[in-house]
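*Asks:* sequence unavailable; structure follows:
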Ligand SMILES: [Mn+2]
């Protein structure tokens, strides 16, 4: 008895406001479906955040529909819950997953908290905020009670647990019932496999790099889903890695070697099939950010899908540097950077300068996306 466990596919997310990034998320979902079909599991569990939004763009709905229909044609049932991204915070509202009921998707919800598939109990609940966690914990006890007569039991949840994210959790590890064979979690975008109670607790992680801070985890553990065999006493979990459509490159380069480093990066980029996302931090030495910014953009922006830059000069520029040396006029960008320097926040700095650029070029949509990205980075998970 084998099933595929995936989560956090976040379809409809347009990272950095780029259509290409939105397509990458679709592509990797399609790849996941094809891989699942290759592996021929008995069923699939999706632990939430199928979509980025509770009202997903049509293309996201369509990509999900195609994938779910493919599974149906192969007679592979899929069980799903709503995550914090696709849950609707409104009484009586339904998550978008419900649209695929006739395509074979079985939604685990407060109205239908569990299913029995080939004698396997599959139960769970949609995402609950910390504020509603008491209610969720009560619900978990009820689900555990209903599951007792079955030999193989899976719990499906989309929550943060204090053991893995000590600052942003909704429930504590002690709140999770311990008698399930496999706890199929979603929400944390890093991969987790842990011994828990009488079985295993696992997060398959997100299927694409949703935030740049997922890059290190991706390099270490890959991205993809799990293939879980629950035939034996202890579930056996196989990690299936997907091939991400595009590279994320994160580089710290020293100002002293700027030109060599840029040409090295640029040569590397030319070996890639697709334009990468490039994040560069220039550090060391006494330099003007705006000049380095110009140099970076001139040499790399055409070969990258997105270029994000950070600057850490050794010495902080004095007021003199607010003036463009060559024609002695006030450099607005430097003024912004200077006035924000007490914030000591590169992100605010970056936002302000990019807004200045986009708005003066009349790119209002891009400017709006920058602001949206900024606040999502701040508050979202
Ligand atoms: Mn998520």
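*Replies:* In hand now; what should we look at? Note that the structure is predicted; figures quoted are calculated from it, not measured.

*Asks:* mind listing what's buried in stretch 173-185?
*Replies:* Across stretch 173-185, burial judged by 16 or more other CB atoms under 10 Å covers 175, 176, 177, 180, 181, 182, 183, 184, 185. Just so you know, the C-beta spots here come from the backbone N, C-alpha and C atoms, and that holds for glycine as well.

*Asks:* tell me which element residue 375 is part of?
*Replies:* helix 364-379 (DSSP states H and E).

*Asks:* and that helix, how far out from the chain's middle?
*Replies:* 16 Å (CA atoms, centre = their mean, to the nearest Å).

*Asks:* let's have the chain start at 41 instead
*Replies:* Okay, using 41 as the starting number, the last item reads as helix 404-419.

*Asks:* quick one: the strands in the stretch 291-421 of the chain, in order.
*Replies:* Applying DSSP state E, counting those that start in this stretch to the stretch 291-421 of the chain gives strands spanning 317-323, 346-352.

*Asks:* from those, which stretch is densest packed?
*Replies:* When you average the neighbours per residue for each of the strands of the stretch 291-421 of the chain (mean count of other CB atoms under 10 Å), strand 317-323 leads with a mean of 20.

*Asks:* dump the strands of the stretch 291-421 of the chain to a markdown table, plus mean pLDDT and distance to residue 250.
*Replies:* A markdown table is the format used below for the strands of the stretch 291-421 of the chain (pLDDT from 0 to 100; distance: least, CB to CB, whole Å):
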| stretch | mean pLDDT | distance to residue 250 |
| --- | --- | --- |
| strand 317-323 | 95 | 12 |
| strand 346-352 | 92 | 14 |
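
*Asks:* any chance of CSV for those strands, columns distance to residue 417?
*Replies:* Converted to CSV, these look like this (distance: least, CB to CB, whole Å):
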stretch, distance to residue 417
strand 317-323, 13
strand 346-352, 11
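
*Asks:* neighbours around residue 194, how many?
*Replies:* Residues lying near residue 194 (other CB atoms under 10 Å) number 28.

*Asks:* what about the longest helix in the protein?
*Replies:* helix 59-79 (DSSP state H).

*Asks:* quick one: check that one for contact with the ion.
*Replies:* No - for a cut-off given as CB under 5 Å from the ion, helix 59-79 has no contacts with the ion; the smallest distance is 11.7 Å.

*Asks:* show me what from the chain comes close to the ion.
*Replies:* 48, 89.

*Asks:* cheers, nothing more for now.
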